[in-house]
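A.B. asks: Here's my sequence, what's the structure:
(one chain, ligands or ions: 2)
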Amino acid sequence: MMPTEDISRKTFPVVTVTLTPAVDLSFRVDTMTPGTLHRVKDSRQDPGGKGINVAKVLHGLGVPVLASGLAGGSRGAWIQAQLKAQGISCDFLPCDGETRINVKITDAEGRLTEFNAEALASSAEELARLAERCFDRVDTGGWVALCGQLPPGAPSDWYAEMIQEARRRGIHTVLDTSQAALAAGIQARPDIVKPNLMELQNWSDRLLDSEAAIQRAARAMVEDAGVLSVVVSRGPDGLLVVSRDATYQVRVPTVPVQSSVGAGDAVVAGLLSGHYWRWSWTDTMRWAAALGTAAVMQAGTRVPPLNQIQSLLSSITVHREEDAG
Ligand SMILES: Nc1ncnc2c1ncn2[C@@H]1O[C@H](COP(=O)(O)OP(=O)(O)O)[C@@H](O)[C@H]1O
Ligand SMILES: O=P(O)(O)OC[C@H]1O[C@](O)(COP(=O)(O)O)[C@@H](O)[C@@H]1O
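C.D. replies: Numbers count the residues shown, from 1 in each chain. Ligands and ions are numbered 1, 2, ... in the order given. Predicted structure coming up:
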């Protein structure tokens, strides 16, 4: 019998945190019409939740990663069993209750309709234990990816506290969340924030109906809050990347869409892998956009194959727009 890996002492260059995991149930239908019967063409079930998706992609790329978080019930056990079967190291604390199911429906035009159920509540003790275990397992100089909404019961500044503690320990952070957790989290100045357009719009409390408005909102995140880099994912319009001294537009090709679930998580994995390999920022942005675009070409949240990611790179453009300073 193969000895099982003892991960209790091992540290990793990247640890992902998923407080709100889910079993993602993905359906493909021709058209979505409320109030009618839909015959499902394809269906699949994936371990889901933003940090879990980031870990799956990083592992697929060969970047050592630990998926951590909270998971409850038989679905929580299923998620961990699936990750372990794929060879992904995980460290989830058990919590009371049954992990949610999120339903994702993609129509023939690639449009996604999502039903995300309420996540399990977590207690202050569980969150404190998780924070401690997460920091025990990340390399100094490594990265913690704080991904997804906060569960009921968590204070809205939980990510902000994690970011501050990470900085004290010499650990970098990437934040991918929404609503109050995003507003509080950016005040703690993570290294990277990855909002999608809707999350940026909610944060800025303005209609982002022009290129100039989108850029102003992203720049405000950098200048008002002090975030180092804001990477705005814009679906088929690629990425807008704003840092202190520059703004970049990353344009992606038109591709056939199987499912856009997890595309943003693939972008986060792309940013982390570029940092892990010490690539230039331009190469990292191009790679992250290629991962997002390759992800939409897969059913559910299947990890895109390397050759597909590589074949997209030449059709992705990175354009530096301006020097702000
Ligand atoms: N229809 C699409 N065609 C090509 N690439 C896409 C498409 N939708 C998303 N992507 C890629 O995936 C990335 C993340 O997508 P987005 O939908 O903005 O993220 P999120 O899942 O966070 O909402 C985009 O920046 C882009 O690279
Ligand atoms: O924590 P939230 O905001 O409910 O999101 C959870 C969902 O996000 C996902 O991670 C997908 O995220 P993205 O499409 O934004 O990359 C799903 O796997 C999961 O069902």
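A.B. asks: Residue numbers of the stretch 151-300 of the chain in contact with ligand 1?
C.D. replies: For the stretch 151-300 of the chain, the residues in contact with ligand 1 (Cβ under 6 Å from any ligand atom) are 196, 233-236, 238-239, 252, 255, 257, 260, 263-264, 267, 289, 292-293, 296. For glycine as for every other residue, the C-beta is placed from the backbone atoms N, C-alpha and C.
A.B. asks: Can I have the buried ones of those residues as a PyMOL selection?
C.D. replies: In PyMOL syntax, the buried subset of these is picked out as below (16 or more other Cβ atoms under 10 Å):
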select buried, resi 196+233+234+235+238+239+252+257+260+263+264+267+289+292+293+296
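A.B. asks: In strands, which of the residues of the stretch 151-300 of the chain next to ligand 1 fall?
C.D. replies: If you go by DSSP state E, these have 233, 239 in strands.
A.B. asks: In helices, which of the residues of the stretch 151-300 of the chain next to ligand 1 appear?
C.D. replies: 263-264, 267, 289, 292-293, 296 (DSSP state H).
A.B. asks: Name the spans of the stretch 51-200 of the chain whose pLDDT lies under the cut-off.
C.D. replies: The model of the stretch 51-200 of the chain has no residue with pLDDT under 70.
A.B. asks: Contacts only, for the one residue in the stretch 51-200 of the chain that gets nearest to ligand 1.
C.D. replies: Residue of the stretch 51-200 of the chain nearest ligand 1, by Cβ to the nearest ligand atom: residue 196 (3.6 Å). Residues near residue 196 by Cβ atoms under 8 Å, 6 or more residues apart in numbering: 232-235, 264.
A.B. asks: Closest to residue 52 out of these?
C.D. replies: residue 264 (13.2 Å; Cβ to Cβ).
A.B. asks: Partner strands of the strand or helix carrying residue 143, with direction?
C.D. replies: Remark: residue 143 resides in strand 138-147, with elements defined by DSSP states H and E. When pairing is defined by DSSP bridges, strand 138-147 lines up against strand 12-18 (parallel), strand 172-176 (parallel).
A.B. asks: Could you identify which of those is most buried?
C.D. replies: strand 12-18 (a mean of 26; mean count of other Cβ atoms under 10 Å).
A.B. asks: contacts for it?
C.D. replies: 49-52, 54-55, 58, 63-70, 89, 130, 134, 137-139, 142-148, 162, 272, 276.
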